[in-house]
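Enquirer: Pasting a predicted model and its sequence here:
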Amino acid sequence: MVDDLTTRGYLDDAAFARQWVDTRSARGYGAARLRAELRARGVDAASVDVAVATLAPDATLARALALARRRLPVIARGRSERVAARLSEYLLRRGYATGVVVRVVRQLTRVVVTPD
């Protein structure tokens with residue numbers, strides 16, 4: 001039955017992975033989190049890699065920056081010395097690469113940050 005559905009084009013892991021990456025990245029999730037979510041759903045590694053490779057580095061940085069700008073007022077309500085660390089932790093949980101996180105946090109907080 002599964003083979004028949006795959007043959008007919010009703011089951012396509014690659015198409016599902018592309019759609020998942022498009023939808024979830026638009027909601028502010030980074031490559032690491034998208035990879036983990038797709039693997040948890042049983043999508044093969046090759047399809048995951050191809051789908052995640054479609055994310056443009058410039059667009060990823062822009063999405064992370066926009067997400068951080070929206071989140072910063074909420075994070076800044078706490079202790080001011082922890083703002084950079086909390087923002088870094090938030091972006092890392094969202095799946096952004098360390099290099100992207102450092103650039104965004106440095107730009108928004110003007111602090112040199114090294115995530116743990």
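Expert: Arrived safely.
Enquirer: the domain parsing of this structure - what is it?
Expert: Following automatic domain parsing, one finds the domains of the chain at 2-52, 57-109.
Enquirer: Can you tell me how far the residue nearest the centre of the chain is from residue 79?
Expert: Nearest to the centroid of the C-alpha atoms of the chain, with distances taken as CA atoms, centre = their mean, sits residue 30, at 1.0 Å. Using CB to CB, to the nearest Å, we find residue 30 at a distance of 26 Å from residue 79. Every C-beta, even on glycine, is put in place using the N, C-alpha and C of the backbone.
Enquirer: Residue 106 now?
Expert: Distance, residue 106 to residue 79, by CB to CB: 19 Å.
Enquirer: out of these two, which sits in the busier spot?
Expert: Neighbour count, other CB atoms under 10 Å: between residue 106 and residue 79, residue 106 has more, with 14 against 9.
Enquirer: quick one: residue 66 and residue 33, what's the gap?
Expert: From residue 66 over to residue 33 (counting by CB to CB), the distance is 16 Å.
Enquirer: out of those two, which sits in the busier spot?
Expert: Neighbours were counted for residue 66 and for residue 33 using other CB under 10 Å; residue 33 has more, 17 against 12.
Enquirer: Which element, helix or strand, includes the more buried one?
Expert: Residue 33 is part of helix 31-40, with elements assigned from DSSP states H and E.
Enquirer: Provide the secondary structure category for residue 70.
Expert: Assigned with DSSP: H, G, I helix; E, B strand; the rest coil, residue 70 falls in the helix class.
Enquirer: Ignore what I typed, I meant residue 43.
Expert: coil.
Enquirer: Hmm, residue 13 and it touching each other?
Expert: Yes: if you go by CB atoms under 8 Å, residue 43 and residue 13 touch, sitting 5.0 Å apart.
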